[in-house]
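# here's a sequence, model it:
(one chain, ligands or ions: 1)
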Amino acid sequence: MRLGGRLQAAIEVLEAFEAGSRPASDVLKDWGAAHRFAGAGDRAVIGNIVFDALRHKLSIAWRMDADDARALAFGALLADGGMDIAAIDVALEGDRFAPAPLEAARRDAWNMRDLAHAPAHVQADVPEWCASSLQALLGAHWVEEGKALALRPPVDLRVNLLKSTTEKTLAALEKAGAAPAPFLDQAIRIAPIEALGRHPNVQAEQAFIDGWFEVQDLGSQLAALFADAMPGEQVLDYCAGAGGKTLALASAMKNSGQIHAYDAERTRLAPMSERLQRAGIRNTQIHASLADLEPLVGHMDLVLTDAPCTGSGTWRRRPDAKWRLNAQQLERRVQDQKDVLEDAKRYVRPGGRLAYVTCSLFAEENTRQVEWFLAANPDFQEISAESLWQAKVRDNNGMSPVFPGHGSVFSPLSTGTDGFYVSILQKRQS
Ligand SMILES: C[S@@+](CC[C@H](N)C(=O)[O-])C[C@H]1O[C@@H](n2cnc3c(N)ncnc32)[C@H](O)[C@@H]1O
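Presented below is the predicted three-dimensional model:
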């Protein structure tokens, strides 16, 4: 397919996304199934245009003075696809599958309008109702954080030190563009996609099949590291899901001690066995029933609660979610988080740690929850976030998380990662 056909396909996908309630990735898959002639390269470019359009939906609409799918798709090529209007005109000329050229009014608007004059939430590309939640956590930098949250993300990998080394894994992934990541010796990064390119499928590599690495955002790796799981400890991963954090904890514990991985939704645990096996992890038991956990009450050195959340910190990777989220859903997640913390704290032994983690950048889900928890549970105290950062992380030209009073915030702007929040709460000895 030429660019015109790909652009037209992206417009159709964006229209179908807006008309329904399904995630953009599912709508893209449907399009692919109905257009089998499209190759992997075509699908990658169509996906780039769709995701860029959703990442920059408000700022593109403001600059184009129009917010329909055509405006967003053309705008995505201009904002992120490395093209200007003249280059798009040339690429579309004579292509019978291409959409009609960009309308004169939209060209003029794009050339004249300066985003610096747009409202703050438009510059930040976030729904207006979320602005106060971001500002309350991130302070004066919230607009710049929003902008960074609307950029294409890298692919981050965590080397599984049980099976490989960073040097060996880097060498195995050299052709994929792998390079050392900031902060952590065992982290590898493949830079964000440029223009109309695509990322390599690292999960097809032999090194992945052999368990040398996992795909895991660096923010998630940092959150797991802050939990500070030590070899020999008894650990409960209370919201284990498919095991992203469990695997990181097991690797840090060098397969010694014991991890209990639990999730309230049995189906979410399903991929974990295979992942544990591939990674060579032998110290983890999976529990699908709360009754199984009863003997653990009061005995855990570490309880990790990677709590259900809005996922606002992952909007770089799932930009469709930012336009579907609403205030009622945020309220429900806040209550879920309180319930999880109340349940999970019972398992911590005196002197043990409760690690509270979210992938959200909203104050309600982070600092405010820790304030609420500490007020309601005077037998817990917070471990200094700054001292954890200094003790655990290799310096990277002075780059550091946001420290908003309680806990640490990793974010696209501050640490070049997805948005993650972590606070470590220690149970007093008596
Ligand atoms: C952010 S996800 C976990 C991701 C996972 N830790 C990882 O790193 O891949 C949150 C998980 O919490 C689970 N969950 C929600 N409410 C829960 C509850 N009351 N008790 C335990 N797990 C819960 C959800 O099913 C979901 O899998």
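
# right, is stretch 364-384 up against the ligand?
No - Stretch 364-384 stays out of contact with the ligand when judged by CB under 6 Å from any ligand atom, the minimum separation being 11.1 Å. C-beta: built from backbone N, CA, C; applies to glycine.

# list the buried residues of that stretch.
364-370, 373, 377, 380, 382 (16 or more other CB atoms under 10 Å).

# what's the average pLDDT for it?
For stretch 364-384, mean pLDDT rounds to 98.

# flag every residue of the stretch 151-300 of the chain that's near the ligand.
Neighbours of the ligand within the stretch 151-300 of the chain, by CB under 6 Å from any ligand atom: 238-245, 263-265, 268.

# let's have those residues in TSV, adding neighbour count and pLDDT.
Formatted as TSV, these follow (neighbours: other CB atoms under 10 Å; pLDDT from 0 to 100):
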residue	neighbour count	pLDDT
Y238	26	98
C239	22	98
A240	26	98
G241	17	98
A242	17	97
G243	27	97
G244	21	97
K245	25	97
D263	23	98
A264	16	97
E265	11	97
R268	15	97
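
# let's see which of these end up in helices.
Members of these lying in helices (criterion: DSSP state H): 244-245, 268.

# wait, a strand at V303?
Yes - counting by DSSP: H, G, I helix; E, B strand; the rest coil, V303 is part of a strand.

# any low-confidence regions in the chain?
In the predicted model of the chain, no residue satisfies pLDDT under 70.

# and it, what are its domains?
Using automatic domain parsing, the domain parsing of the chain gives 3-118, 155-215, 218-427.

# looking at these, which is buried most?
Most buried of these, by mean neighbour count (mean count of other CB atoms under 10 Å): domain 218-427, with a mean of 19.

# T165 and L330, how far apart?
Per CB to CB, to the nearest Å, T165 is found 42 Å from L330.

# what sits closest to whichever residue of the stretch 51-200 of the chain sits closest to the ligand if chain neighbours are left out?
Residue nearest to the ligand within the stretch 51-200 of the chain: R158 (11.2 Å; CB to the nearest ligand atom). In space, R158 comes closest to Q216 once its chain neighbours are excluded; the distance is 4.5 Å by CB to CB, 6 or more residues apart in numbering.

# the one you found: how many residues sit nearby?
18 (other CB atoms under 10 Å).

# now do the phi/psi pair for it.
Dihedral pair for Q216: phi -160, psi 120, per degrees, to the nearest 10.

# next: Q258.
Phi and psi for Q258, reported as degrees, to the nearest 10, are phi -150, psi 130.

# follow-up on the earlier one: which among the residues of the stretch 151-300 of the chain next to the ligand gets closest to D343?
Proximity of those to D343, judged by CB to CB, is greatest for Y238, which lies at 7.4 Å.

# verify the contact between that closest one and V340 for me.
Yes - here Y238 reaches V340: they are 6.8 Å apart, a contact under CB atoms under 8 Å.

# shared neighbours of the two, anything?
Listed as contacting both Y238 and V340 by CB atoms under 8 Å, 6 or more residues apart in numbering are T305.

# helices or strands up against the helix or strand hosting D108?
Assigned by DSSP states H and E, D108 falls within helix 104-112. Contacts defined by 3 or more CB pairs under 8 Å, 6 or more residues apart in numbering; DSSP states H and E place helix 104-112 against helix 57-64, helix 69-79, helix 85-92.

# picking that back up, farthest-apart pair in the buried residues of stretch 364-384, please.
E364 and F380 (19.9 Å).

# ranges for the strands of the stretch 51-200 of the chain?
For the stretch 51-200 of the chain, the strands defined by DSSP state E, counting those that start in this stretch cover 155-159, 178-180, 187-190.

# which outside residues touch the strand or helix carrying R368?
According to DSSP H and E, R368 maps onto helix 367-376. Contacts with helix 367-376, where a contact means CB under 8 Å, 6+ apart, come from 136-137, 334, 337-338, 341, 345, 356, 380-382, 404-407, 423, 425.

# what about those residues, which are in strands?
Of the contacts of helix 367-376, the ones assigned to strands by DSSP state E are 356, 380-382, 423, 425.

# end-to-end on stretch 293-300?
For stretch 293-300, the first and last residues are 11 Å from each other (CA to CA, to the nearest Å).

# just how off-centre is that stretch within its chain?
Centroid displacement of stretch 293-300 relative to its chain, using CA atoms, centre = their mean, to the nearest Å, is 31 Å.

# show me the contact partners of it.
Contact with stretch 293-300 is made by 234-236, 260, 262, 287, 346-350, 352, as judged by CB under 8 Å, 6+ apart.

# run the last query once more with 6 Å
234, 236, 262, 346-349, 352 (CB atoms under 6 Å, 6 or more residues apart in numbering).

# ditto for stretch 49-63
The contact list for stretch 49-63, computed with CB under 6 Å, 6+ apart, reads 10, 13-14, 24, 67, 72-73, 75-76, 79-80, 110, 113, 115, 118, 122, 125, 150, 319-320.

# and if you look at stretch 250-268?
Under the contact criterion CB under 6 Å, 6+ apart, stretch 250-268 has outside partners 160-162, 229, 231-238, 240-241, 246, 249, 269, 281-288, 293.

# of these, which belong to strands?
234-237, 284-287.

# quickly check those residues for the two that are furthest apart.
Maximum pairwise distance in the ones in strands among the contacts of stretch 250-268, criterion CB to CB, is 15.7 Å, between Q234 and I286.

# from the chain's centre, how far out does stretch 314-328 sit?
On the basis of CA atoms, centre = their mean, stretch 314-328 sits 11 Å off its chain's mean C-alpha point.

# contacts only, for the nearest residue to D210 once chain neighbours are set aside.
Distances taken as CB to CB, 6+ apart place K163 nearest to D210, at 6.7 Å, with adjacent residues excluded. Contact partners of K163, counting by CB under 6 Å, 6+ apart, are 211-212, 280.

# mind running it again at 8 Å?
Contacts for K163 (CB under 8 Å, 6+ apart) come out as 210-212, 279-280.

# specify which member of the residues you listed is nearest to E194.
Looking across the contacts of K163 and measuring by CB to CB, the closest to E194 is W212, at 26.1 Å.
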